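**Q** Fold the following, please.
(one chain, ligands or ions: 2)
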Amino acid sequence: MTEQTHEFQAEVAKLLDIVAHSLYSEKEIFLRELVSNSSDACDRLRYAALTKPDLIKEDPEFKVILSVDQKAKTLTITDNGIGMTEQEMIENLGTIARSGTSRFSEELTGDSTKDINLIGQFGVGFYSSFMVADKVTVVSRKAGEKAATVWSSNGGGSFEIAEGTREGRGTTITLHMRKEAKEFLEPLRLRNIVKTYADHIALPVILKAEKEGDEDEVLNTASALWTRQKSEISAEQYTEFYHHVGQAYDSPWMTLHSKVEGRIEYTMLLFIPEQPPFDLFSPERKSKLKLYVKRVFITDDCEELIPAYLRFLRGVVDSEDLPLNVSREMLQNNPVLHKIRSGLVKKVIGEIEKKAKKDPESFASFWDNFGAVLKEGIYEDTDNGERILKLAQFRSTKADNRTYLADYVERMKEGQDAIYYITGDDIDALKSSPQLEGFAAKGIEVLLLEDAVDNFWLSRITEYEGKSFKSVTRGTAGLENLADEKDPSKEPETKAESAEMDSLIALFKQALEGKVKDVKESLRLTDSPVCLVADDGDMDIHLEKVLKAHKQ
Ligand code: ADP
Ligand code: MG
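**A** Ligands and ions are numbered 1, 2, ... in the order given. Next up, the predicted model:
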């Protein structure tokens with residue numbers, strides 16, 4: 001094979017341009033990214049070796065080695081992980097394959113301050129190499145294969161691929177440091193960065209001695225963070241681990257580290273992000289929690305581990321009871337996994353409840369980010385749905401902020417026996433719905449439900465604490481039994497029985513024949529002359545629209 005030139009995917013080219021030319025303040029994160037990739041590559045090989053032990057027979061100790069060449073001004077990061085084939089290198093190091101990429105590139109504005117912020121959230125991964133290097137060479141050999149491939153680029157629009165050689169499996173990345181980045185050739189600086197960003201990595205990160213005869217130095221603690229005592233882990237270490245495991249760049253909103261002992265044993269180290277991840281609402285509803293068995297990474301794609309409505313969780317679950325040779329197929333309908341899942345869900349909801357009590361303001365921001373996702377649990381989780389409904393906060397015609405159902409019920413008027421709501425997808429349009437007028441006149445609070453998911457749980461859950469849910473766009477809405485707010489002494493209204501009204505309605509019916517089911521005098525309007533409502537037995541108007549949009 002001769003050398004071939006490949007173009008970077010357009011998103012990558014844009015990203016590289018920003019990475020290389022903008023003043024990115026935390027340049028040292030390139031090392032975290034590269035060490036993190038090495039650690040992932042070792043995790044994946046460790047898993048593959050469960051069924052094919054030969055893959056690691058000759059070199060069973062996983063490690064990452066950093067070495068510096070002061071003369072050549074290079075820093076090299078080497079691992080003995082799973083490695084990449086030529087094809088994998090072209091794909092992985094030429095595109096961004098991560099979910100959410102299209103959204104990411106849509107949001108790139110060309111304004112570098114804004115874009116840097118966005119990149120901070122999205123993550124630069126391998127491409128962060130170009131923050132410090134003006135040339136990067138990657139030599140990789142896939143475990144179990146003989147051939148090695150060399151990838152190289154100067155961070156412009158393209159990269160080269162050529163045949164290479166490498167002793168043993170794994171990946172070696174050589175960074176030709178820019179002049180401004182020569183601090184990253186100093187052992188002291190490297191030691192500090194690894195301590196800060198990669199101490200939690202479960203394999204040794206070794207700094208190779210520069211002089212012949214000197215000792216190599218292990219820079220990190222090299223034990224899986226979740227196996228350590230809580231008291232020995234600092235907030236910063238948790239955050240760094242979250243960045244690694246969650247591929248995230250914000251801080252965790254909540255950190256939940258707990259060891260469960262008893263008939264089944266497992267450790268969970270879970271995080272709820274502060275910022276919603278990019279792909280939160282993608283239709284696959286995939287979770288990214290990592291499943292380990294006795295410290296060995298098994299998968300980060302296990303539907304059985306957590307329900308979809310908790311897909312915003314990041315972190316690790318490490319089981320002592322699942323067999324090490326567990327295949328991904330065996331995870332389906334596995335009773336141990338089932339118990340872990342239900343324990344985990346209860347723990348997470350319990351912690352969110354505590355936080356809601358202790359810090360309402362912070363909980364409100366959590367709900368802003370993830371409420372629409374968590375609400376899926378109201379109807380999907382028969383065991384915990386009720387608890388989630390209690391946690392749920394909704395906008396309403398009375399509250400400035402969102403309100404709990406419990407508070408709504410407390411504010412209910414005398415004689416009011418239902419929880420009134422209106423659904424839609426635009427909060428401002430909802431607020432000015434004519435259907436609300438009669439309720440406003442009587443001082444009755446109406447929930448303004450703005451998430452598509454509200455329609456779904458409302459079609460399953462009929463009441464809260466004995467109060468039924470009623471749509472104000474449906475049927476008579478029950479307004480006739482309630483007193484007017486401005487004039488409470490006013491008799492509850494009855495239908496005007498004038499002959500004029502009857503003939504007016506008859507006229508309307510004639511004019512609208514075939515277009516509407518019925519025309520009725522309504523108590524729900526005060527200012528607007530007319531509004532559309534659904535019949536009692538019929539589907540809520542907005543639900544009908546949502547279902548049509550989903551082609552159901
Ligand atoms: P991410 O880690 O989020 O997937 P990166 O840009 O960091 O994104 O890496 C892109 C991909 O390149 C990885 O998913 C992995 O498949 C591959 N890769 C990167 N570094 C290594 C490595 N040291 N060994 C094997 N594969 C690697
Ligand atoms: Mg990465």
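
**Q** Apart from its neighbours in sequence, what residue is nearest Lys413?
**A** Closest residue to Lys413 apart from its sequence neighbours, by Cβ to Cβ, 6 or more residues apart in numbering: Ile444 at 5.8 Å. Yep, even glycine has a C-beta here, placed from its N, CA and C like the rest.

**Q** And the one you found, how close does it get to Ala308?
**A** Using Cβ to Cβ, to the nearest Å, we find Ile444 at a distance of 35 Å from Ala308.

**Q** Neighbour count: the two, which is higher?
**A** For Ile444 versus Ala308, neighbours defined as other Cβ atoms under 10 Å are more numerous around Ile444 (24 against 15).

**Q** after the host helix or strand of Lys354 comes which helix or strand?
**A** Following DSSP states H and E, one finds Lys354 within helix 335-358. Going down the chain from helix 335-358, the next helix or strand is helix 360-374, by DSSP H and E.

**Q** Do I have it right that the residue nearest to Lys413 meets Gln416?
**A** Yes: assessed by Cβ atoms under 8 Å, Ile444 is found in contact with Gln416 at 6.2 Å.

**Q** List the buried residues of stretch 62-77.
**A** 62-68, 73-77 (16 or more other Cβ atoms under 10 Å).

**Q** How about stretch 252-270?
**A** So for stretch 252-270, counting by 16+ other Cβ under 10 Å, buried means 252-257, 260, 264, 266-270.

**Q** near ligand 1, which residues of the protein show up?
**A** Residues of the chain lying near ligand 1 by Cβ under 6 Å from any ligand atom: 33, 37-38, 41, 79, 81-84, 92-93, 98, 125-126, 171, 247.

**Q** In strands, which of those residues appear?
**A** 79, 171 (DSSP state E).

**Q** Among the residues of the chain next to ligand 1, name the buried ones.
**A** By the neighbour-count criterion of 16+ other Cβ under 10 Å, these include these buried positions: 33, 37-38, 41, 79, 81-84, 92-93, 125-126, 171, 247.

**Q** Just these: which are in helices?
**A** 33, 37-38, 41, 92 (DSSP state H).

**Q** would you turn those residues into TSV with distance to Leu280 and pLDDT?
**A** Below are those laid out as TSV (distance: Cβ to Cβ, whole Å; pLDDT from 0 to 100):
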residue	distance to Leu280	pLDDT
Glu33	23	88
Asn37	24	93
Ser38	28	96
Ala41	27	97
Asn92	24	93
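
**Q** Which members of those residues additionally contact ligand 2?
**A** Contacts with ligand 2 are made by Asn37 out of these, judged by Cβ under 5 Å from the ion.

**Q** And the closest residue to ligand 2 within the stretch 401-550 of the chain, how close does it get to Lys470?
**A** At 31.7 Å from ligand 2, Val453 is the closest residue in the stretch 401-550 of the chain, using Cβ to the ion. Distance, Val453 to Lys470, using Cβ to Cβ: 19 Å.

**Q** hang on, Arg285 packs against Ala308?
**A** Yes: assessed by Cβ under 8 Å, Arg285 is found in contact with Ala308 at 4.1 Å.

**Q** so which two of the buried residues of stretch 62-77 are the farthest from each other?
**A** Phe62 and Lys73 (28.4 Å; Cβ to Cβ).

**Q** Those residues of the protein touching ligand 2, which are they?
**A** Counting by Cβ under 5 Å from the ion, the chain sits next to ligand 2 at 37, 125.

**Q** for the chain, what helix or strand is lowest in average pLDDT?
**A** The weakest-scoring helix or strand in the chain, judged by mean pLDDT, DSSP states H and E, is helix 112-122 (a mean of 66).

**Q** Next secondary structure element downstream of that one?
**A** With elements assigned by DSSP H and E, the helix or strand that comes after helix 112-122 is helix 129-132.

**Q** In space, what's closest to the closest residue to ligand 1 within the stretch 451-552 of the chain - neighbours in sequence excluded?
**A** Residue nearest to ligand 1 within the stretch 451-552 of the chain: Val453 (28.7 Å; Cβ to the nearest ligand atom). Nearest residue to Val453, sequence neighbours excluded (Cβ to Cβ, 6+ apart): Lys375, at 4.8 Å.
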